[in-house]
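Asker: okay, here's the prediction I keep looking at, along with the sequence it came from:
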Amino acid sequence: MAVESTPSGSVKETYDKGNLDVEQHAVAEAHLKNTTIRNLTWKGVTVTVKDRETKLPKAIVENVEGIVEAGEMCALMGPSGCGKTTLLNVLASRPTGAQKVEGAVLVNGSKPSRDTFREMSRFVEQEDALIGALTVRETLNFASRLASTSSLPKRERIARIDGLLDSFGLVSQAETLIGTPIRKGISGGQKRRVGVASQLITSPKILFLDEPTSGLDSVASWEVMSYLKGVAKRNNLIVIASIHQPSTAVFNLFDKLLLLSAGQPHYFGSVSDVSAHYESVGHEVPLHVNPAEYLLELVNIDFSPNRESAASNLEEQQRAWAASPRAAEVSRAIAQIESSSGGSEVVLETAEKKPSAPSLVVTLLHRSFVKSYRDVVAYGIRFAMYTGLAIMMGTVWLRLDAAQESIIPLTNAIFYGSAFMSFMAVAYCPAYLEDYLQFVKEKHNGLYGATELIVSNFLIGIPYLFLISLIFSAISYWLSNFQPTASAFFTWVFWLFLDLLAAEGLVVFMTSLFPSFVISLALVAFANGLWMSVDGFMVQPTILNVFYKYVFHFWDYQKYVFENMMVNEFSERVYTCGKGPDGGCQCMWQTDLADQCLIRGQGVLDQYGYKPGYMGKDVGIMMGIIVGYRIAAWIVLKLKR
Ligand SMILES: Nc1ncnc2c1ncn2[C@@H]1O[C@H](COP(=O)(O)OP(=O)(O)OP(=O)(O)O)[C@@H](O)[C@H]1O
């Protein structure tokens with residue numbers, strides 16, 4: 001039976017439906033079943049930040065408490081800026097950027113260790129990072145493989161995926177792509193459902209969601225929340241979601257409500273009791289009005305014409321809540337749970353064996369591989385760009401003879417080709433940024449760390465960058481007529497490959513440091529501009545000023561590429577000199593072959609101070625730079641919270 005997607009339908013009837021019957025659900029969702037966690041409680045949660053204007057400490061969340069029992073869905077509601085996201089982060093044990101966080105968040109009445117809490121909970125971001133080039137099914141499959149060991153039988157994994165696709169109404173979109181900026185995929189509401197399902201496949205018992213319905217219309221919002229409600233109810237999961245102005249139908253899906261204003265609690269308790277509480281404090285919720293809307297208006301003073309009286313009214317409401325029997329009941333219930341726990345930490349009996357680091361790398365490689373051939377932003381655009389560049393260069397620098405007038409064009413081509421190739425690595429910024437955002441989400445959820453990302457990202461690039469180097473060289477090298485020997489050609493390909501590996505390392509480092517498209521793009525472009533200026537072509541190393549020579553030149557990867565490509569071209573080749581008007585020999589480079597009207601290529605290299613015989617050492621340095629960029633990116637990722 002298809003899932004109804006209308007908020008006007010009966011909530012109870014609709015969220016229990018699906019294509020699977022109750023028994024099938026029980027099998028497909030067996031991994032989700034929570035039998036360990038009875039409740040999540042928090043008390044005295046106060047978050048203090050440094051006020052941006054006065055620089056004094058300011059509480060943005062103050063003395064908040066609550067209880068959510070297994071199988072319940074709780075809404076954090078309040079006007080914009082009231083502290084919902086901050087509180088959600090504290091409850092989810094995530095960084096808040098605050099000066100001080102006080103209070104306790106307890107599972108079954110006792111404080112779990114950070115690792116245990118990470119294992120049992122997941123956080124769904126407002127802008128959930130998904131990989132656009134994967135299908136809905138692949139997204140769930142990779143999430144499952146990153147979370148649980150490969151010893152999980154394939155049939156079991158497929159059953160879990162099918163169960164969640166069914167529970168979230170995604171069966172008919174299972175093979176559809178999530179969508180990239182250039183390939184339309186599933187809708188916004190469906191993306192939210194995939195985001196939630198891809199967290200649930202990793203079997204959390206507690207799920208936090210930051211504004212899961214923002215940007216969705218009322219039908220899509222209701223769909224997301226009702227599917228979630230069904231799964232949570234069937235499997236005894238705890239769901240806590242911050243939410244902006246829900247429709248009546250969405251509001252009624254929640255079991256509990258925490259209403260905040262200016263960081264202060266105004267109500268905590270069951271959704272069905274909220275009207276009774278407000279009636280008891282003199283604010284009756286009118287009939288036929290969306291209660292959520294009414295409550296939000298009541299606690300929002302941002303747009304009040306008379307802010308002073310509105311603020312004192314708000315304080316009064318807050319005092320009324322603090323003094324209410326319901327608030328006292330919440331405190332009593334928390335104390336009771338805590339005293340009956342005996343302080344023993346919760347143990348997750350159903351925790352599945354986590355994958356080993358090598359198997360995580362293999363899964364990430366597999367995922368990157370799918371993305372690399374499906375998403376043109378990853379490598380396709382660069383393949384096209386580099387092929388275009390190769391044709392352009394090969395036809396501009398066309399069939400140059402081994403003559404002195406070709407020496408400067410050949411030198412220019414060596415510089416331009418190698419420098420421009422590495423410059424174009426900026427095109428990798430958006431693809432890496434997507435991987436980075438995915439990493440941040442998955443790292444917070446405890447799936448894998450910086451080492452696995454850096455290793456898999458490095459490995460996936462190798463074949464593609466080698467192929468790019470080979471294709472580019474196969475076209476431009478022979479068209480331009482560089483030294484026509486097989487060994488010179490492959491040496492050239494090898495240096496271009498190292499050039500691209502280093503350039504991609506630079507992108508990974510810069511984007512990890514500044515994970516913003518515009519900033520990373522600008523910085524990578526700037527760094528490449530600097531490396532081009534000091535690599536030895538623009539100003540020969542023999543006359544480059546000492547500051548740039550000693551501060552930048554020696555760890556400029558383009559220096560080693562340019563130098564070795566120059567040595568490759570000139571060290572063993574001889575060029576004919578020009579003829580003067582009298583028919584005599586006119587050599588622009590005077591070498592020992594001048595009397596034969598020839599130029600020994602080494603004469604050109606002498607001008608730059610280059611000598612053959614250093615390739616092994618230079619390859620070593622280049623490897624150091626390539627690995628160095630990756631290590632620097634790894635350190636950045638490790639240091640970031
Ligand atoms: N680290 C911080 N330093 C200073 N002020 C902060 C910090 N974090 C949050 N704030 C401020 O605290 C208030 C609450 O922020 P929060 O993001 O939790 O609100 P919110 O209810 O989630 O808002 P919205 O619904 O608009 O997303 C805001 O005024 C915000 O500017």
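Answerer: Cool, the structure landed.
Asker: surely residue 175 meets residue 136?
Answerer: Yes. Residue 175 is in contact with residue 136 according to CB atoms under 8 Å; the separation is 7.4 Å. In short, each C-beta sits where N, CA and C put it, glycine included.
Asker: looking at the two, which one has more neighbours?
Answerer: The neighbour comparison of residue 175 against residue 136 (other CB atoms under 10 Å) goes to residue 136, with 29 against 9.
Asker: could you measure the more buried one against residue 173, distance?
Answerer: 5 Å (CB to CB, to the nearest Å).
Asker: between those two, which contacts overlap?
Answerer: 186, 190 (CB atoms under 8 Å, 6 or more residues apart in numbering).
Asker: middle-most residue in this protein, spatially?
Answerer: residue 437 (0.8 Å; CA atoms, centre = their mean).
Asker: and that residue, its phi and psi?
Answerer: Torsion angles at residue 437 (phi, psi; degrees, to the nearest 10) stand at phi -60, psi -40.
Asker: can you give me the pLDDT of it?
Answerer: The score at residue 437 is 93. That number is its pLDDT.
Asker: residue 515 is in contact with that one, correct?
Answerer: Yes. Between residue 437 and residue 515 there is a contact at 7.2 Å, judged by CB under 8 Å.
Asker: tell me which parts of the stretch 401-550 of the chain are close to the ligand?
Answerer: Nowhere does the stretch 401-550 of the chain come near the ligand, counting by CB under 6 Å from any ligand atom.
Asker: report the contact partners of whichever residue of the stretch 401-550 of the chain sits closest to the ligand.
Answerer: The stretch 401-550 of the chain approaches the ligand most closely through residue 444 (16.9 Å), counting by CB to the nearest ligand atom. Taking CB under 8 Å, 6+ apart, we find residue 444 in contact with 94, 118, 123.
Asker: is it possible to export those to a markdown table including pLDDT and secondary structure?
Answerer: Shown next, in a markdown table, are the contacts of residue 444 (pLDDT from 0 to 100; DSSP: H, G, I helix; E, B strand; the rest coil):
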| residue | pLDDT | secondary structure |
| --- | --- | --- |
| 94 | 87 | coil |
| 118 | 84 | helix |
| 123 | 92 | strand |
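Asker: ok, of these, which one's closest to the ligand?
Answerer: Taking CB to the nearest ligand atom as the measure, the ligand lies nearest residue 94 of the contacts of residue 444, at 12.0 Å.
Asker: surely the closest one touches residue 123?
Answerer: Yes. Between residue 94 and residue 123 there is a contact at 6.4 Å, judged by CB under 8 Å.
Asker: the more surrounded of those two?
Answerer: residue 123 (23 against 16).
Asker: state the pLDDT value of the residue of the stretch 301-450 of the chain found nearest the ligand.
Answerer: Nearest to the ligand in the stretch 301-450 of the chain, going by CB to the nearest ligand atom, is residue 302, at a distance of 10.7 Å. pLDDT for residue 302: 73.
Asker: quick one, what contacts the closest residue to it other than its chain neighbours?
Answerer: Closest residue to residue 302 apart from its sequence neighbours, by CB to CB, 6 or more residues apart in numbering: residue 79 at 6.2 Å. Shown in contact with residue 79 (CB under 8 Å, 6+ apart): 261, 296, 299-300, 302.
Asker: mark which of those are buried, thanks.
Answerer: Among these, the ones that count as buried by 16 or more other CB atoms under 10 Å are 261, 296, 299-300.
Asker: I'd like to know which of the residues you listed is nearest to the ligand.
Answerer: The closest of these to the ligand turns out to be residue 261 (CB to the nearest ligand atom; 9.7 Å).
Asker: these two touch, right, the closest one and residue 81?
Answerer: No. Using CB under 8 Å, residue 261 makes no contact with residue 81, being 9.9 Å away.
Asker: quick one: secondary structure of residue 98?
Answerer: Here residue 98 is recorded as coil under DSSP: H, G, I helix; E, B strand; the rest coil.
Asker: ignore the last one, residue 61
Answerer: Under three-state DSSP, the three-state class of residue 61 is strand.
Asker: just list whatever residues bridge to it.
Answerer: Counting by DSSP bridges, residue 61 forms beta bridges with residue 47.
Asker: ok, now how distant is it from residue 389?
Answerer: Taking CB to CB as the measure, residue 61 and residue 389 are separated by 54 Å.
Asker: who's more crowded, the two?
Answerer: Legend: neighbour count by other CB under 10 Å for residue 61 and residue 389, higher for residue 61 (27 against 18).
Asker: which residues touch the more buried one?
Answerer: Residue 61 touches 45-47, 83, 86-87, 90, 260, 263, counting by CB under 8 Å, 6+ apart.
Asker: same question, residue 574
Answerer: The contact partners of residue 574, by CB under 8 Å, 6+ apart, come to 402, 593, 598-601.
Asker: helices - which of these land there?
Answerer: When DSSP state H is applied, the contacts of residue 574 are split such that residue 601 fall in helices.
Asker: out of the contacts of residue 574, grab the one that's most surrounded.
Answerer: Most surrounded of the contacts of residue 574: other CB under 10 Å gives residue 599, at 27 neighbours.
Asker: sketch out the low-pLDDT regions of this protein for me.
Answerer: For the chain, the stretches with pLDDT under 70 are 1-28, 149-151, 304-305, 342-352, 641.
Asker: any idea how it splits into domains?
Answerer: Under the assignment automatic domain parsing, the domains of the chain span 35-341, 357-538+613-639.
Asker: JSON lines for those, including distance to residue 564?
Answerer: Formatted as JSON lines, the domains of the chain follow (distance: least, CB to CB, whole Å):
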{"stretch": "domain 35-341", "distance to residue 564": "36"}
{"stretch": "domain 357-538+613-639", "distance to residue 564": "5"}
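Asker: residue 479 against residue 392, yeah?
Answerer: No. Using CB under 8 Å as the test, residue 479 is too far from residue 392 to be in contact (10.2 Å).
Asker: and residue 326, how many neighbours?
Answerer: 16.
Asker: now for the helix or strand containing it, which elements pack on it?
Answerer: Take DSSP states H and E as the rule and residue 326 turns out to sit in helix 325-341. If you count contacts as 3 or more CB pairs under 8 Å, 6 or more residues apart in numbering; DSSP states H and E, helix 325-341 packs onto strand 39-50, strand 57-69, strand 100-107, strand 264-270.
Asker: just the CA trace of stretch 537-555, in PDB.
Answerer: Only the C-alpha atoms of stretch 537-555 are listed here, as PDB (Å, rounded to 0.1, in the frame of the first residue of the first chain):
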ATOM      1  CA  PHE A 537      61.100  30.600 -15.900                       C
ATOM      2  CA  MET A 538      60.100  34.200 -15.300                       C
ATOM      3  CA  VAL A 539      63.300  35.100 -13.500                       C
ATOM      4  CA  GLN A 540      66.100  32.600 -14.000                       C
ATOM      5  CA  PRO A 541      67.200  31.000 -10.700                       C
ATOM      6  CA  THR A 542      70.700  32.400 -11.200                       C
ATOM      7  CA  ILE A 543      69.400  35.900 -10.800                       C
ATOM      8  CA  LEU A 544      66.200  35.400  -8.700                       C
ATOM      9  CA  ASN A 545      66.400  37.600  -5.600                       C
ATOM     10  CA  VAL A 546      67.400  35.900  -2.400                       C
ATOM     11  CA  PHE A 547      64.100  36.300  -0.600                       C
ATOM     12  CA  TYR A 548      62.000  34.400  -3.200                       C
ATOM     13  CA  LYS A 549      64.900  32.000  -3.900                       C
ATOM     14  CA  TYR A 550      65.300  30.900  -0.300                       C
ATOM     15  CA  VAL A 551      61.800  31.300   1.000                       C
ATOM     16  CA  PHE A 552      59.700  29.900  -1.900                       C
ATOM     17  CA  HIS A 553      61.800  28.700  -4.800                       C
ATOM     18  CA  PHE A 554      63.100  25.500  -3.300                       C
ATOM     19  CA  TRP A 555      59.700  24.100  -2.200                       C
END
